[in-house]
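In: Any chance you could fold what I've pasted below:
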Amino acid sequence: MQKLLMHKWRLLLLALLPLACAAETNLAVTPFATVDERDRPADHFTQGLYYDGQRWWESSGQYGRSWLAEYTDPGANPLRRKWLAANRFAEGLTVLGDRVFLLTWRAGELLIYRADDLSPLGMRHYAGEGWGLTSDGEQLIMSNGSDELTYRDPDTFAVKRRLKVRGGGEQWSNLNELEFAQGLIWANIWQDTRIIAIDPASGAVRGVIDLRELAPDAGHPDAVANGIAWDRKRNGLWVTGKFWPKLYLIRPQGLGFEE
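Out: Predicted coordinates for the structure are as follows:
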């Protein structure tokens, strides 16, 4: 009798497994409205983007051409710009308190600047590659091109926690530029037009946004979507890409952006 019951439970589980897998693959793309757009030079190899409601901070990559800039008008000259050494490749950035934190790709250096004037404040070291960076208001959150994010201490940059990104019917990798907005971690995927929204507690993918309709008609292989900045006041996300001539303010339908 016991064996018969176990056999029935196995059959039930096998019957439910395809339904569970189907549910896993049915993460619908979240629609969004385009609320605003801004022209800007199309020579930015955008790596990191941050907006505080008045000022923008952006990093642009490539060896010999990497910089960190602050500006109030994306179409105008920066208020100030810091060029990196020719052997340093700028990556993601974030602002926490009165400091700007900037990753480098393969140098293993986190560069720290004063937010008010971009004067250098120091450097921290890390192992592996640096890709994207954001903050939940207390800790820094970093990507390295894999499917794993690391929470790091803003003073020492020591790893405090690791978060595996999963779900949504896919095996995620190439997580790139990051932004923390509406209680979720938003991530560009390198060489992909999609942005995913990640649960910071579990690592589960809660939503997908596809920026395909905003991408410029460019033949350049590096003109990929990259750059996310939360606009709290206007209830949206500014998005752009490498060598894109515009910034777009989008408002997802849901995922915390309900009006």
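In: Could you point out which residue ranges in the stretch 151-259 of the chain have low pLDDT?
Out: Residues of the stretch 151-259 of the chain meeting the criterion pLDDT under 70: 218-219, 259.
In: Look up the closest residue to Leu27, ignoring the ones flanking it.
Out: Spatial nearest neighbour of Leu27, excluding adjacent residues (Cβ to Cβ, 6 or more residues apart in numbering): Gly168 at 4.2 Å. Every residue, glycine included, has its C-beta placed from N, CA and C.
In: before we move on, what SS does the one you found have?
Out: coil (DSSP: H, G, I helix; E, B strand; the rest coil).
In: Tell me how many other residues crowd it.
Out: Counted with other Cβ atoms under 10 Å, the neighbours of Gly168 add up to 19.
In: same check, this time on the one 3 residues further on
Out: Gln171: 8 surrounding residues under other Cβ under 10 Å.
In: Would you list the phi and psi of it?
Out: Backbone torsions for Gln171, taken as degrees, to the nearest 10, come to phi -100, psi 110.
In: Contacts only, for the nearest residue to it once chain neighbours are set aside.
Out: Leaving aside its sequence neighbours, Gln171 sits nearest to Asp147 (Cβ to Cβ, 6+ apart; 7.1 Å). With contact set as Cβ atoms under 8 Å, 6 or more residues apart in numbering, Asp147 has these partners: Lys164, Val165, Arg166, Gln171, Trp172, Ser173, Leu175.
In: Return the backbone torsion pair for Asp147.
Out: Per degrees, to the nearest 10, the backbone of Asp147 is at phi -100, psi 10.
In: any idea how far it is from Leu178?
Out: The spacing between Asp147 and Leu178, counted by Cβ to Cβ, to the nearest Å, is 13 Å.
In: before we move on, what about Asn77?
Out: 27 Å.
In: Of those two, which one has the most company?
Out: With neighbours defined as other Cβ under 10 Å, Asn77 and Leu178 compare such that Leu178 has more, 24 against 10.
In: Surely that one touches Ala187?
Out: Yes: Leu178 is in contact with Ala187 according to Cβ atoms under 8 Å; the separation is 5.4 Å.
In: Give the residues shared as contacts by these two.
Out: By Cβ under 8 Å, 6+ apart, Leu178 and Ala187 have these common neighbours: Gly132, Ser143, Ile228.
In: CA atoms only: put the helix or strand that contains the last one into PDB for me.
Out: The secondary structure element spanning Ile228 is strand 225-231 (assigned by DSSP states H and E). This file holds the C-alpha atoms of strand 225-231, laid out as PDB (Å, rounded to 0.1, in the frame of the first residue of the first chain):
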ATOM      1  CA  ALA A 225      21.800  49.300 -24.600                       C
ATOM      2  CA  ASN A 226      23.700  50.300 -21.500                       C
ATOM      3  CA  GLY A 227      22.900  52.900 -18.800                       C
ATOM      4  CA  ILE A 228      20.100  53.100 -16.300                       C
ATOM      5  CA  ALA A 229      19.400  56.000 -13.900                       C
ATOM      6  CA  TRP A 230      16.400  56.400 -11.600                       C
ATOM      7  CA  ASP A 231      14.400  59.700 -11.800                       C
END
